[in-house]
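Participant: Only the shape, not the letters, is given here:
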């Protein structure tokens, strides 16, 4: 299916009142975020998108592809399923070696050059993880971060899904800056559910959720893009020190203070 | 009256799917009744009766295989449901042995499969899947997109004509298409016939002979090398 546009029409919040955001559109290449406190309905919103809700979920939202509804009993060929959802609960269950598993998925997806696509997927995944994923490792032996990295790489490259929904990947211990950077090279629709200000500010716009309801749509303006640049510096310091601690270094207050001062200059 | 038979491996989410279906059927002012066939223990009849106030019943198959039991008692169950004034009868089976299936000719058969049971499940469960009209795949939120695709592909590979519904039944997601198919299904045709062929022969093991080895049994037997042979009259 050739997807050009997704439209989401607001439904009702937990209190039964209509949502403030009546509709939003997603075009290929868009990166958006869904933000809000825990329990406010962020995951429900991406579930609605994933299921192409047609006023038939508790939120009564409606999702259109290329301005058309998807019939309720429409059955996507698994090769053509346009959406990949990677959630905080998503896991691999198969205990096959990574290479074998990717081969099965690539075959189901009808890929032509299977060996090449597997190599590409692993290369992508390994840019996001701390320790590299080895082809012969059993899927169930992967760490949380490795699993999440492979899920993303698999969805982007083997699944080649035009729409990718990522639910709180910042908790997974992957290199999210690198992830965003890599993902931007692919012309897809990315929807992040996130608590991470940096991901939110790097998005084209963000939806603010409250009590199961889409409250606001905020487009990232020039001011915010500048702020995102500053935030990046702070974040990089945190990441740098995380790296040091991971590598077994000891941290001194002096070094940290110097880092912050050099940031101020 | 219409009959819908739900089958699926233990703990796959059959009852959760059925509860969501019943909730929607009641909203549409239908009068469903529910029967659970299980081997040793079941309390779904009580919980569903408590939640919805509809007629429910449980049948323990005991020493019989639950699908065998279903074949033997289903006509009485249908009479019971009619006497309750029901227009829909939902039967939930235990579906333990993978050699036969409980579905009835011209009535709807629904198999419930848990996506978390592994990508090979659709290749393992035989007629319970291949003879069903609808495959409901549950717990879809818990597995990777890749495995979900492989799972779905293998369901279609095993049962070409089957209608697949992916569902997160806890949140009532994916239930409406099932209800639509139930409404479209046929009235019970009597006498009722089992849709699939039961396992071959009369089983001496089922009859209680516990000795190991083909020499101790009769009927259609086999060797380790898959040669079938017959001992008996």
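Facilitator: Yep, that arrived. Only a predicted model underlies this, so the values are computations on that prediction, with no experimental measurement involved. Residues are numbered from 1 along each chain as shown, chains lettered A, B, ... in the order given.
Participant: Just list the residues touching residue 183, thanks.
Facilitator: Unless you meant another one, I'm taking chain A. Shown in contact with residue A:183 (C-beta atoms under 8 Å, 6 or more residues apart in numbering or on different chains): A:31, A:152, A:156, A:164, A:190. No exception for glycine: its C-beta is placed from N, CA and C like everyone else's.
Participant: if you could check chain B rather than the one you did, that'd help
Facilitator: Residue B:183 is in contact with residue B:28, counting by C-beta under 8 Å, 6+ apart.
Participant: which bits of chain B sit near chain A?
Facilitator: B:116, B:118-119, B:141-147, B:149-150, B:152-153, B:156, B:163-164, B:168, B:171-174, B:176-177, B:180-181 (C-beta under 8 Å from any C-beta of the partner chain).
Participant: Please list the members of those that lie in helices.
Facilitator: Those of those mapping onto helices are B:145, B:146, B:147, B:149, B:150, B:152, B:153, B:156, B:176, B:177, B:180, B:181, per DSSP state H.
Participant: picking that back up, wait, which of the contacts of residue A:183 is closest to chain B?
Facilitator: Of all those, chain B sits closest to residue A:164, with 9.0 Å by C-beta to the nearest C-beta.
Participant: before we move on, which element is the closest one in?
Facilitator: Assigned by DSSP states H and E, residue A:164 falls within strand A:163-167.
Participant: Which parts of chain A are helices?
Facilitator: A:42-50, A:98-108, A:114-126, A:144-153, A:176-183, A:197-201, A:222-246, A:253-264.
Participant: for stretch B:42-50, what is the average pLDDT?
Facilitator: The pLDDT scores in stretch B:42-50 average 94.
Participant: residues in contact with residue B:105?
Facilitator: Counting by C-beta under 8 Å, 6+ apart, residue B:105 touches B:189, B:192, B:193, B:194, B:195.
Participant: What's the PyMOL syntax to select whichever of the residues you listed are buried?
Facilitator: A single PyMOL command is used to select the members of the contacts of residue B:105 judged buried by 16 or more other C-beta atoms under 10 Å in any protein chain shown:
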select buried, chain B and resi 192+194+195
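Participant: Closest one to residue A:37 out of the contacts of residue B:105, please.
Facilitator: The shortest approach to residue A:37 among the contacts of residue B:105 belongs to residue B:195, at 51.2 Å (C-beta to C-beta).
Participant: Quick check: that closest one touching residue B:109?
Facilitator: Yes. Between residue B:195 and residue B:109 there is a contact under C-beta atoms under 8 Å: 6.7 Å.
Participant: Can you name the residues bridging to residue 163?
Facilitator: Since no chain was named, I'll use chain A. Residue A:163 has these beta-bridge partners by DSSP bridges: residue A:83, residue A:189.
Participant: um, chain B though
Facilitator: Listed beta-bridge partners, residue B:163: residue B:134 (assigned using DSSP bridges).
Participant: That one against residue B:132, yeah?
Facilitator: No. In this structure residue B:163 lies outside contact range of residue B:132 using C-beta under 8 Å: 9.1 Å.
Participant: Looking at these two, which has the bigger crowd around it?
Facilitator: Neighbour totals were compared for residue B:163 and residue B:132, and residue B:132 leads with 29 against 16 (other C-beta atoms under 10 Å in any protein chain shown).
Participant: Distance of the more buried one relative to residue A:196?
Facilitator: 44 Å (C-beta to C-beta, to the nearest Å).
Participant: again with residue A:242
Facilitator: Residue A:242 is 14 Å from residue A:196, by C-beta to C-beta.
Participant: tell me which residues of stretch A:52-62 are tucked away?
Facilitator: A:52, A:53, A:54, A:56, A:57, A:58, A:59, A:60, A:61, A:62.
Participant: Show me which helix runs longest in chain B.
Facilitator: In chain B, taking DSSP H as the definition, the longest helix is helix B:66-83.
Participant: Check which helices and strands that helix sits against.
Facilitator: strand B:32-38, strand B:56-60, strand B:88-92 (3 or more C-beta pairs under 8 Å, 6 or more residues apart in numbering or on different chains; DSSP states H and E).
Participant: Could you list the low-pLDDT ranges of chain B?
Facilitator: B:95, B:198-202, B:206-208, B:226 (pLDDT under 70).
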